[in-house]
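Chemist: Need the 3D shape of this:
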Amino acid sequence: MSCGCKTSGDSSHSCGTKSANGCEKVDSCGNSYKLSVFDWLSNINNPTATQCDFVEVRFKNDRKHFYKNVHNLPLHIGSVVTVESSPGHDIGVVSLTGELVKIQMKKKKASEENPLKIYRIANQKDVEVWQQSRAKEEEVKIQARKIAYALMLEMKVTDVEFQGDGQKVTFYYTSDNRVDFRQLIKEYAATFRTKIDMKQIGFRQEAAKVGGIGSCGRELCCSTWLTDFRSVNTNAARYQQLSINPQKLAGQCGKLKCCLNYELDSYLDALSDFPSSSTTLDTEKGRAFCIKIDVFKKRMWFAYVDRSIAWYDLDTAEVKRLIALNKKGEKAPPLEDLMVNDTVAKTVDLIQESNIERFDRRQKNQGKNQNRKKPSNQKTASKERPAPPAQSSNNNKKPQVKSGEQQKSRKPGSVDNQNNNPNTPNPQKKSRKNFSPKRDENA
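Modeler: Numbering: from 1, shown residues only. A predicted model of the protein is given here:
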């Protein structure tokens, strides 16, 4: 029996039944758990006739063990098997087979003497009992927390795991101090009617079991690929020139982030070429001390003792030269003369996407276009009508006629302000528009 995706035996397994919450059959899919190992030897034929008898079986979250296939069962990744446990039996999912298991056993220092055995491939009854036990875990965890709180114990029940046959339940808890849970075990045994096993874990192991999203936006390293927890101290943050802020340096477990150790060796190699941060320079204008170090630009910032507001950046090679001068008893030149002047190249934004004010420009242009007044019909009419010819003398001016009388005196075929020849064509006949009569202001 295996996951319903039909490809659970393949190393490049991509479960076809996955959803937003993971695989639909997460209890039986070997690739839906944390800290999975990629089998890069799956497509390589074994050169030797003997095959590895051990397989890696995974249980809830990150718990997994190595078992021996004493009955030579046809197992593959994703097979649900019934394995030996104390007491009774447990049910898990095969997560790794083949020669790669030997490498993992050597890496985790697992002994091949007196190994646990695989009984059989789980049948339908085993799987039903297993799923019923798994369905009760969340309810049992909430009830266990209430009992611990009633007994006023300084502990937190992080996770609950039932054995495959339901004969034993394991409570994982975290606590800063030693907890006397003798009365607690009696309460648990009377409430849950099964064998009780208590296991204390650290806060990092708790984050690995629960999982989550880190500040970088990715899933937690401890719940995906990080198998060992190395000690992290604040010196790692100091070497990387980070601010000692507990809120930024701490992860979800409340401890320092494991990723502070990832680039620590690179920073230590780069800092080996730097002078000491406690270096002081004796210059002509007084003594100067180091304030800041830039590992990437290989520069050091100095400031005078009496004027610590002004900072001057120097290259590491220049700082070494000044230290050599001080050792000879000579004073170094002023820091103003040695300061590095960076010429910032002005970039040209061709597509104008990096400027934030581009949105304001568009709004301003749109506002100007909306406030701009449209030309009235009178103005358009004055543009389309030809201007009347100028009179030769002021004596020939005709008396002004009101607009109403002027419309009455017009004839349908007459043309105003044109030549007296009736045969001249009217240029406005082709595109004649009805405009309202222009009002005379002197009337």
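Chemist: got a list of what Val179 touches?
Modeler: Shown in contact with Val179 (C-beta atoms under 8 Å, 6 or more residues apart in numbering): Leu153, Glu154, Met155, Tyr173, Gln200. All C-beta atoms are positioned from the backbone trio N, CA, C, and that covers glycine.
Chemist: Buried subset of those residues as a PyMOL selection?
Modeler: Remark: buried members of the contacts of Val179, expressed as a PyMOL selection using 16 or more other C-beta atoms under 10 Å:
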select buried, resi 153+155+173
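Chemist: Could you dump the contacts of Val179 into a markdown table and include pLDDT, secondary structure and distance to Gly166?
Modeler: Shown next, in a markdown table, are the contacts of Val179 (pLDDT from 0 to 100; DSSP: H, G, I helix; E, B strand; the rest coil; distance: C-beta to C-beta, whole Å):
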| residue | pLDDT | secondary structure | distance to Gly166 |
| --- | --- | --- | --- |
| Leu153 | 92 | coil | 26 |
| Glu154 | 91 | coil | 30 |
| Met155 | 92 | coil | 24 |
| Tyr173 | 94 | strand | 21 |
| Gln200 | 92 | strand | 23 |
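Chemist: now the contacts of Val179 in CSV, with distance to Tyr262?
Modeler: Below are those laid out as CSV (distance: C-beta to C-beta, whole Å):
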residue, distance to Tyr262
Leu153, 37
Glu154, 34
Met155, 32
Tyr173, 30
Gln200, 28
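Chemist: and Ser266, that one's in a strand?
Modeler: No: Ser266 is assigned helix when assessed by DSSP: H, G, I helix; E, B strand; the rest coil, not a strand.
Chemist: going forward can the numbers begin at 43, since that is how I track them
Modeler: OK, 43 is where the count begins now, so the last one is Ser308.
Chemist: can you count the residues close to it?
Modeler: By other C-beta atoms under 10 Å, 11 other residues sit near Ser308.
Chemist: can you check the one 3 residues further on too?
Modeler: Asp311 is surrounded by 10 other residues when neighbours are defined as other C-beta under 10 Å.
Chemist: And what about the closest residue to Phe223 other than its chain neighbours, helix, strand or coil?
Modeler: In space, and not counting its chain neighbours, Phe223 is closest to Met240: 6.1 Å by C-beta to C-beta, 6 or more residues apart in numbering. Of the three states, Met240 takes strand under three-state DSSP.
Chemist: Next one: Met240 from Met194, what distance?
Modeler: In this view, Met240 and Met194 are 17 Å apart by C-beta to C-beta, to the nearest Å.
Chemist: hmm, back to that, burial count for the residue nearest to Phe223?
Modeler: 15.
Chemist: who's in contact with it?
Modeler: Counting by C-beta under 8 Å, 6+ apart, Met240 touches Thr212, Phe213, Tyr215, Phe223, Leu226, Ile227.
Chemist: so when I look at the second one, I'm seeing a strand, right?
Modeler: Yes: when the secondary structure is assigned by three-state DSSP, Phe213 falls within a strand.
Chemist: At which residues are the helices of the chain located?
Modeler: Here the chain has its helices, by DSSP state H, at 142-149, 166-177, 179-192, 224-234, 245-252, 276-281, 288-291, 306-313, 358-369, 377-380, 400-413, 419-426, 445-451.
Chemist: between the ones you listed, which one is nearest to Asp201?
Modeler: With C-beta to C-beta as the criterion, Asp201 lies closest to helix 245-252 of the helices of the chain, at 5.2 Å.
Chemist: Quick one, grab the pLDDT at Cys71.
Modeler: With respect to pLDDT, Cys71 scores 45.
Chemist: what do you get for Gln185?
Modeler: In the prediction, the pLDDT value recorded for Gln185 is 95.
Chemist: So the closest residue to it other than its chain neighbours versus Pro288, what's the distance?
Modeler: Leaving aside its sequence neighbours, Gln185 sits nearest to Thr233 (C-beta to C-beta, 6+ apart; 6.9 Å). Look at Thr233 and Pro288: by C-beta to C-beta, they are 39 Å apart.
Chemist: Same check on Val135?
Modeler: 39 Å.
Chemist: re the thing from before, most neighbours of all the contacts of Met240, which one?
Modeler: Scoring those on neighbours with other C-beta under 10 Å, the highest-scoring entry is Phe213 at 25 neighbours.
Chemist: Using the record's domain definitions, break this protein down for me.
Modeler: With automatic domain parsing as the criterion, the domains of the chain are listed as 60-173, 178-249, 272-314, 322-380.
Chemist: ranking these by mean pLDDT, which is last?
Modeler: domain 60-173 (a mean of 80).
Chemist: So for Asp348, which of the helices of the chain sits nearest?
Modeler: helix 377-380 (12.8 Å).
Chemist: before we move on, back to that, of the domains of the chain, which approaches Leu262 most closely?
Modeler: Of the domains of the chain, nearest to Leu262 by C-beta to C-beta is domain 178-249, at 6.1 Å.
Chemist: okay if I get the domains of the chain as JSON lines plus distance to Ser257?
Modeler: Shown next, in JSON lines, are the domains of the chain (distance: least, C-beta to C-beta, whole Å):
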{"stretch": "domain 60-173", "distance to Ser257": "19"}
{"stretch": "domain 178-249", "distance to Ser257": "13"}
{"stretch": "domain 272-314", "distance to Ser257": "8"}
{"stretch": "domain 322-380", "distance to Ser257": "22"}
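Chemist: closest to Ser265 out of those domains?
Modeler: Ser265 lies closest to domain 60-173 among the domains of the chain, at 4.8 Å (C-beta to C-beta).
Chemist: Just list whatever residues bridge to the closest residue to Ser320 other than its chain neighbours.
Modeler: Excluding the flanking residues, the one nearest Ser320 by C-beta to C-beta, 6+ apart is Cys332, at 7.1 Å. Here Cys332 shows beta-bridge partners Phe344, assigned using DSSP bridges.
Chemist: List the residues that contact Cys332.
Modeler: Pro317, Ser319, Ser320, Thr321, Thr322, Met342, Trp343, Phe344.
Chemist: Quick check: the first one vs Cys332, distance?
Modeler: It stands for Pro317. Computed as C-beta to C-beta, the Pro317 to Cys332 distance reads 8 Å.
Chemist: what sits in contact with each of these two?
Modeler: With C-beta under 8 Å, 6+ apart, Pro317 and Cys332 have common neighbours Met342.
Chemist: Show me what Met240 is bridged to.
Modeler: With DSSP bridges as the rule, Met240 is bridged to Phe213.
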